[in-house]
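Structure, please.
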Amino acid sequence: MNKTETEQFRVLLRKRLEELLNQAKSVVSELVSQNGQEIEYLDRASEYTNQAMKLRIRTRESRLIKKIMGALERIDNDAYGICDTCGEDISIKRLEARPVTTKCIHCKELEERNEMLTQ
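Got it, this is the predicted structure:
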């Protein structure tokens, strides 16, 4: 991967990270403000369900934030786009589809096959 391609991924990852962090701040502010409002009993149950769903989504997004930060760190260390398992280059198409990936498609497929065998 050349420097231009690497820089494009850096910009894409930073943009996505910023979006996720802004969404997280917004949800936290919303949850805090809702807790102080007077809500009818049935509305409160519905609101708790909505809050639980939002928090589950935030948990998934926090994992993605960690993966994005890891990818940015790999870019800084000139290790981005290199498979953690075999050391080969990860294809640009794979990185475009999943910019946070740490494995080439071959190693990922092997990993998934092994996981299915152990289940």
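
And the lowest-mean-pLDDT helix or strand in the chain, what's buried?
Within the chain, no helix or strand scores below helix 41-76, which has a mean of 80 by mean pLDDT, DSSP states H and E. Buried positions in helix 41-76, judged by neighbour count with 16 or more other Cβ atoms under 10 Å: Glu47, Arg58, Glu61, Ile65, Lys67, Ile68, Ala71, Leu72, Arg74, Ile75. (C-beta placed from N, C-alpha, C; glycine too.)

Looking at the residues you listed, which is nearest Glu109?
Set against Glu109, the nearest of those by Cβ to Cβ is Lys67 (19.2 Å).

Please look at the closest one and Arg98 and confirm they touch.
No: using Cβ atoms under 8 Å, Lys67 is not in contact with Arg98, being 9.4 Å away.

mind listing what Leu17 touches?
Ile65, Ile68, Met69, Leu72 (Cβ atoms under 8 Å, 6 or more residues apart in numbering).

Ile82: which of those residues is nearest?
Leu72 (14.8 Å).

roughly how far out does the next helix or strand after the least confident helix or strand of the chain sit from the chain middle?
Moving toward the C-terminus from helix 41-76, the next helix or strand (DSSP states H and E) is helix 92-97. The chain centroid and the centroid of helix 92-97 are separated by 15 Å under Cα atoms, centre = their mean, to the nearest Å.
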